[in-house]
Structures are given as C-alpha cells and as structure tokens.
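K.L.:
I'd like to go over a predicted model; first the sequence, then the structure.
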Amino acid sequence: MANILGLAVARHATLQAVGYDVRELGLQLRAVPAKQLVCYGSAETHGWARKAVELLGIGNAAYRRIPVGSDYRMDLSALANAIELDRADNALPCCVIGTAGTVNTGATDDLQGLADLCRAQRVWFHVDGAFGALLKFSERLAPIVSGLERADSVAFDLPKWGYLPFECACVLIRDAQTHREAFSTTASYLAETSRGVIAGGLPFADRGVDLTRGFKALKVWLSFLAHGVDVYGRLIEQNVAQAAYLTDLVEAHSELELLAPTALNVVCFRYAPTDLRAFDLNALNEEILLRVQERGVAVPSATKLNGRFAIRCAIVNHRSKRADFRRLVDAVIAIGKELQLERRPSAETAHQVDDQAEHH
C-alpha cells in the first residue's frame, strides 16, 4: 500500500501539471484528449506495480516493463527510448519506478541514472525500496542506494530489515503540498479545532486513503529507540555477508550452479550436476525445494530466472548463522542425489528390460 500511495500522488501531480483534476473528473471522461497515462518499471519490478496501475485506472496495458541487463538492473537506454516513443505517440509519462533490492535477485537499479533521466524528462521518480532502502542505515552499504534521496517518493517495508511485524511500512513524499492535495478531504466531522483532542498534530487522513488507522509507527519508533539505528545497520551488513558466504558455498561445489549475481542478500541457485544438465532440472529442483521445506531444514522460496527454476534464499533474519547455510547446501546436494537414485532404473529392472528386448 505504501508503494500504491506513492504512485497515486504521482498520478495526481502529473495530471495537475497539465491542468486536469483527476480527483474530480476521474479517468473515465478522458478530458485530456488523446493523452494516455503511462508508467514504467523494470521487468524485475515487484507485482505490486501491476495491481497499482490497475487500481488507479491507468491499466496494465499502459505499464511499460523495461528490459534488464545481465545484472538484473533496468536498462536506462531502453527506458529513455520507451519514454520518447510514448511522447511521440502523444502519451503522458506519469512515473518511473526504480527498485532498491528486487524481489527476485536483490538487484538495485541505477538510482542516480534514473533520477537524472526523470529530471530531464520531467517524470515523477518513485523508488520501491521494500528492503533495500534501509541500506542507508549502513555507512558501508549505503552507496548501493545512492540516488534514493533524489526520488519524488520512496516506499519501504519494516518487516524485512526492520525486523518488525507485517503490515508495517512507510512512504515518503518529497512535496508535502502535492501529497496532501492528492488525498485531503473536508467534512464537518473532521473539522480542525484550536483546542481539544484533535487540535494541531498531523492529520494522516489527508495523506492516504485510511481515515482511521492503527498506530503502527509506535512499533518502529520504540524499536529504533530501544536498539539504536546503528544496530540495524550492523544486522543488515551481517545478512549481506551471509549471502556472500552462501554464494561461495554454491560456487565451490561442482554440483551446484549460481543462477544470478548476488548483489545484496538474495542468492539464487540450483542443483545441476554436469551430467544432468540435459534433463529437466526445473522439476528436479522444485522437488528438492519442497523436500527441504517439508523436512524442516530451511524455508527458501523459489523463482524462475530466464526459464530456470531457482532455489531462492532471501536472507533477512537477524538470527541466521553460517551453519544454517552450510546445512542448507548439504541438504540440497543430499536430496539431489537421493532423487537421482529414485529416478534411475535399478540394475534388476534394467536387466529385465534387456531380457525382454532380446526375446522380441
């Protein structure tokens, strides 16, 4: 929802700039002739973006998925070309979504390059910093998200590297006035008073779609107060170092294959002995993953990268130890060998097949 709020403000600001009141007129009247709102994100942008453009009336057909390079970062040249083509087609670029820490591989787009491009093209720049934004807590890792501070809006979660419960997220909008204009309403029962319980303060109802909301920020504030921001920075660094360690374990074993560069805290790999690479490794690795989970070894997730099924290990737990990753690697290899034996005909079966062939 934090990301959706950022995109909603982008939509309001873009249409306001061309003299169109989207809050009053909506998008059904098409009072801006031949102007189609268009949004952009990389092919690796999280699935929230599609839901957002659908919910906001922009539509999935107007959401451009920009290709990524071998490092899984958005191709800036392809983005610039897409924007130019849309402008030539009389469309109205609304927002570019950059990602700090993609869900598939942990890649971070070139945020400085995106900021430069968006400024030159006069397009709203939103950053989905789901977990990557909190790299700012680490002096050593902060350069990875350089350019984040230039965004028009940034959204990030606290359940991941904030180590807090679900449904606790944050959106930051650079232009406070535009933020309020996108959501504020007036009603007699919401009238501000100079005294009493609703005097002063920050009217959150004017900054989103919720009128009444839980005090989720208290959990964040108390956690930061109790532990200090530096502790979070060290824990984030620990998770990133653990990802590098797991990557080393994978690359050191001839029967494992790394499927994407380890940019941050996400490691994607598979069981792929050389003599099996002509077979259906996707089905094999899916079964390995399920058995790893069912046996209580670990709970990695899965994804597909260039059509290849990957065991995806996203490391955001402050209790993880290196021994956990050694156990995971050992289990993947052991289960892989186990499955090979299960799928290989026994010597007796093979002999029976030979006998039958000779008989015929």
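P.N.:
Perfect, thanks for sending it. Numbers count the residues shown, from 1 in each chain.
K.L.:
Please enumerate the helices of the stretch 51-200 of the chain.
P.N.:
In the stretch 51-200 of the chain, the helices defined using DSSP state H, counting those that start in this stretch lie at 76-88, 111-121, 176-183.
K.L.:
who's in contact with the last one?
P.N.:
Think helix 176-183. 8-9, 12-13, 16, 23, 173, 205-209 (Cβ atoms under 8 Å, 6 or more residues apart in numbering). In short, each C-beta sits where N, CA and C put it, glycine included.
K.L.:
If you drop the residues flanking it in sequence, what lies closest to residue 269?
P.N.:
By the measure of Cβ to Cβ, 6 or more residues apart in numbering, the closest residue to residue 269 outside its immediate chain neighbours is residue 250, 4.5 Å from it.
K.L.:
average model confidence for the strand or helix carrying the one you found?
P.N.:
Here residue 250 sits within helix 229-252, counting by DSSP states H and E. Per-residue confidence for helix 229-252 averages out to 97 on the pLDDT scale.
K.L.:
for stretch 193-210, same thing?
P.N.:
Taken as a whole, stretch 193-210 has a mean pLDDT of 83.
K.L.:
what's the spacing between that stretch and its chain's center?
P.N.:
On the basis of Cα atoms, centre = their mean, to the nearest Å, stretch 193-210 is displaced by 32 Å from the centre of the chain it belongs to.
K.L.:
Flag every buried residue along it.
P.N.:
205-208 (16 or more other Cβ atoms under 10 Å).
K.L.:
for the stretch 201-350 of the chain, what are the low-confidence residue spans?
P.N.:
Counting by pLDDT under 70, the stretch 201-350 of the chain contains low-confidence ranges at 277-278, 345-350.
K.L.:
hmm, try it at 80
P.N.:
Within the stretch 201-350 of the chain, the stretches falling below the threshold (pLDDT under 80) are 201-202, 277-279, 343-350.
K.L.:
And residue 49, how close does it get to residue 116?
P.N.:
Applying Cβ to Cβ, to the nearest Å, the value for residue 49 to residue 116 is 22 Å.
K.L.:
which of the two has more neighbours?
P.N.:
residue 49 (24 against 15; other Cβ atoms under 10 Å).
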